[in-house]
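>>> Need a 3D model of the following:
(one chain, ligands or ions: 1)
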Amino acid sequence: MKIERRELLRLLSVSGAASLLGLKAFRSQAQCLTTPDILGPFYLPGAPEIAQLAPDGAPGTPLFITGTVYANDCESPVPNAKVDVWHANDGGGYEDDHYRGIVLSDGNGQYAFQTILPGKYLNGAQFRPRHFHYKVSAAETELTTQVYFEGDTSIPTDPWASSPEAAERIIPLSEDAQGNLHGVADVYLDVEPLINSQEDPERYPGKPVIRHIIPNPIVEEGKVQVYLPEAASTSLQIFSLQGKLVASPVRGQIRAGGIQEWNIRVENLHGLKLQPGIYIMRLLVNGLPADAKRFIAGR
Ligand SMILES: [Fe+2]
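The predicted structure follows:
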């Protein structure tokens, strides 16, 4: 079953059964930039614009990745960035015609794709850890990098994944009730913020959106920034990947149109810290679901 990018984004954003990945990037301005990694020998230019990288029925564990491409101010989403991804199949082999694809970030910087968990392959005598290769480009800037997964036992012996530079590109994966894996991989590109959304109504044609949730992961407290086309009663709710409401950090606050922000603590309805993992932040405007974005609650 082929899923269009827009449909996949919708499914990932709205359903409780999906998740995103976020590189642990936000520290302070300019320090947030995602670090590069080697290109490797298996890149092929001209990958198809598809959001489903694995062929139908491919062996392996289904994996859903979402993320946001941000500019070098560490908080402005980059729309229409090109995210070129390639990875090994379940057996650790690269294929010319599969496990490759280009997805474009949407108007709010968000991208998504689905595939299977990449296999490991030998590099000399050592297995390389499971990884995605990324080439991310926007505004004539291109970043070549790789994304790894927490807990991979091959990371310590891999010269690239074990580099201090890669630490922020090792992302956690969470499993849903169906056994699918989910990750959130945000990318911070060294490009200037392209558009000031408050001065450019074309960026958000009348639609409320969550602009960012930072840092990602949130350990204790983070910032949620929202764009509202007009004044509205606004709520933020946090759901688990299983679709359970776990927190309601903002309840029906009246806010003016434009960019609005809240500092939120990652606590459940009982005031206890959320278990580490992937959660879905839902924005409600005048009582109706308006947008959703995944984030990671860290340790
Ligand atoms: Fe590779």
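>>> When you work out contacts or count neighbours from here on, use the C-alpha atoms and nothing else.
Fine.
>>> Name the helix or strand of the chain that has the lowest mean pLDDT.
Lowest by mean pLDDT, DSSP states H and E among the helices and strands of the chain is strand 20-21, with a mean of 37.
>>> what is the rounded mean pLDDT of the very next helix or strand once past that one?
Sequence order places strand 62-70 as the next helix or strand after strand 20-21, per DSSP states H and E. Mean per-residue pLDDT for strand 62-70: 96.
>>> the strands in the stretch 151-299 of the chain, which residues?
170-171, 174-175, 181-184, 187-188, 209-214, 221-228, 232-240, 245-255, 258-265, 277-285, 288-297 (DSSP state E, counting those that start in this stretch).
>>> which of those is buried the deepest?
Highest mean neighbour count of these: strand 187-188, a mean of 29 (counted as mean count of other Cα atoms under 10 Å).
>>> Low-confidence stretches in the stretch 1-150 of the chain?
For the stretch 1-150 of the chain, the stretches with pLDDT under 70 are 1-30.
>>> mind running it again at 90?
By pLDDT under 90, the low-scoring segments of the stretch 1-150 of the chain are 1-31, 75-76, 107-108.
>>> Please enumerate the helices of the stretch 101-250 of the chain.
With DSSP state H, counting those that start in this stretch as the criterion, the stretch 101-250 of the chain has no helices.
>>> Need the strands of the stretch 151-299 of the chain in TSV (columns: mean pLDDT).
Below are the strands of the stretch 151-299 of the chain laid out as TSV (pLDDT from 0 to 100):
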stretch	mean pLDDT
strand 170-171	96
strand 174-175	92
strand 181-184	95
strand 187-188	96
strand 209-214	91
strand 221-228	94
strand 232-240	97
strand 245-255	96
strand 258-265	94
strand 277-285	96
strand 288-297	94
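>>> Any idea which of those strands gets closest to A112?
strand 181-184 (9.1 Å; Cα to Cα).
>>> The closest one pairs with which strands, and in what direction?
strand 20-21 (parallel), strand 62-70 (parallel), strand 174-175 (antiparallel) (DSSP bridges).
>>> could you dump the second one to CSV, C-alpha only?
Once non-C-alpha atoms are left out, strand 62-70 reads as follows in CSV (Å, rounded to 0.1, in the frame of the first residue of the first chain):
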residue,chain,number,x,y,z
PRO,A,62,8.0,-1.4,10.3
LEU,A,63,9.4,1.9,11.3
PHE,A,64,7.8,5.4,11.1
ILE,A,65,10.0,8.5,11.2
THR,A,66,8.9,12.0,11.5
GLY,A,67,10.7,15.2,12.2
THR,A,68,11.0,18.9,11.6
VAL,A,69,13.7,20.7,9.7
TYR,A,70,14.6,23.9,11.6
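>>> Not counting it itself, show me its contacts.
Contacts to strand 62-70, defined as Cα atoms under 8 Å, 6 or more residues apart in numbering, come from residues 12, 18-22, 76-79, 81, 105, 108-117, 179-189, 294.
>>> From the contact counts, what lies against the helix or strand following it?
Moving toward the C-terminus from strand 62-70, the next helix or strand (DSSP H and E) is strand 82-87. Judged by 3 or more Cα pairs under 8 Å, 6 or more residues apart in numbering; DSSP states H and E, the packing partners of strand 82-87 are strand 100-104, strand 132-138.
>>> isn't V246 right up against L236?
No - in this structure V246 lies outside contact range of L236 using Cα atoms under 8 Å: 11.3 Å.
>>> How about S76, nearest residue that isn't a chain neighbour?
Y70 (5.4 Å; Cα to Cα, 6 or more residues apart in numbering).
>>> oh, I was asking about I218
A297 is the one closest to I218 (Cα to Cα, 6+ apart), at 5.1 Å.
>>> so who does the one you found touch?
Each residue near A297 by Cα under 8 Å, 6+ apart is listed here: N216, P217, I218, V219, V266, L274, Q275, P276, G277, I278, Y279.
>>> how about 6 Å then?
Counting by Cα atoms under 6 Å, 6 or more residues apart in numbering, A297 makes contact with P217, I218, V219, P276, G277.
>>> Next one: it from P208, what distance?
Distance, A297 to P208, by Cα to Cα, to the nearest Å: 24 Å.
>>> now swap in A81 and tell me
Using Cα to Cα, A81 is found at 21 Å from P208.
>>> so what's S248 up against?
So S248 contacts L236, Q237 (Cα under 6 Å, 6+ apart).
>>> swap in G60?
G60 makes contact with D90, I116, according to Cα under 6 Å, 6+ apart.
>>> measure it to A161 for me?
22 Å.
>>> same check, this time on R128
From R128 to A161 the distance is 8 Å (Cα to Cα).
>>> Turn the contacts of A297 into a markdown table, including distance to T34.
A markdown table is the format used below for those (distance: Cα to Cα, whole Å):
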| residue | distance to T34 |
| --- | --- |
| P217 | 14 |
| I218 | 17 |
| V219 | 19 |
| P276 | 22 |
| G277 | 21 |
